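Chemist: All I have is the shape, not the residue letters:
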């Protein structure tokens, strides 16, 4: 018999979900500041896209833990707390943020993002965005931030 490492306890799942929610909120707050500058390196929104994608997958695994909803209600001492609805709202805001950033990124005819250019000297230079170009995505980030207390 193999070592069973694929099962996660309900307490660990809830703790991991909460930690990741707080970390994502803090990450969005710091990246939002960078995206509101007059010029923002394209690496910043790309990093937010990647962060969102990873977080969505991690959280989905923890959220699927059997008994999580009741455990969460017990931990926050509120039997009317609808953890599934609150999680879904948070998840949906993260997805909307990711999708907004993906949609605003310029792409070529093949769907490849237009991220860098090569200078005549051979140096790669990242695209930059203005605060106005990133405003819709920043609004989505505000919704992610607001979905975590």
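Modeler: Yep, it's here. Note that the structure is predicted; figures quoted are calculated from it, not measured.
Chemist: quick one, longest helix in this structure?
Modeler: The longest helix of the chain (DSSP state H) is helix 10-35.
Chemist: list the helices and strands that one packs on?
Modeler: Contact here means 3 or more Cβ pairs under 8 Å, 6 or more residues apart in numbering; DSSP states H and E; on that basis helix 10-35 packs against helix 43-63, helix 68-75, helix 83-104, helix 131-146. Heads up, the C-betas are built off the backbone N, CA and C, glycines and all.
Chemist: could those go into a markdown table alongside mean neighbour count?
Modeler: Below are the helices and strands packed on helix 10-35 laid out as a markdown table (neighbours: other Cβ atoms under 10 Å):
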| stretch | mean neighbour count |
| --- | --- |
| helix 43-63 | 17 |
| helix 68-75 | 16 |
| helix 83-104 | 17 |
| helix 131-146 | 18 |
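Chemist: Which among the ones you listed is found nearest to residue 7?
Modeler: helix 43-63 (11.4 Å; Cβ to Cβ).
Chemist: hmm, who's touching the closest one?
Modeler: The contact list for helix 43-63, computed with Cβ atoms under 8 Å, 6 or more residues apart in numbering, reads 8, 13-14, 16-17, 20-21, 24, 27-28, 31, 34-35, 68, 84, 87, 91, 94-95, 97-98, 101-102, 104-105, 113, 115, 126, 129, 134, 137, 141.
Chemist: returning to that earlier point: list the buried residues for the longest helix of the chain?
Modeler: Under the neighbour-count criterion of 16 or more other Cβ atoms under 10 Å, helix 10-35 has 10, 13-14, 16-17, 20-21, 24-25, 27-28, 31-32, 35 buried.
Chemist: tell me the centre residue of the protein?
Modeler: In the chain, the C-alpha nearest the mean C-alpha coordinate belongs to residue 52, at 2.7 Å (Cα atoms, centre = their mean).
Chemist: Now that we're looking at that one, what pLDDT does it have?
Modeler: Here, the pLDDT recorded for residue 52 equals 97.
Chemist: go on, residue 100?
Modeler: 95.
Chemist: is it true that it touches residue 142?
Modeler: No: between residue 100 and residue 142 there is no contact, the gap being 11.5 Å when judged by Cβ atoms under 8 Å.
Chemist: Which secondary structure element is home to residue 117?
Modeler: Element membership for residue 117 (DSSP states H and E) is strand 116-118.
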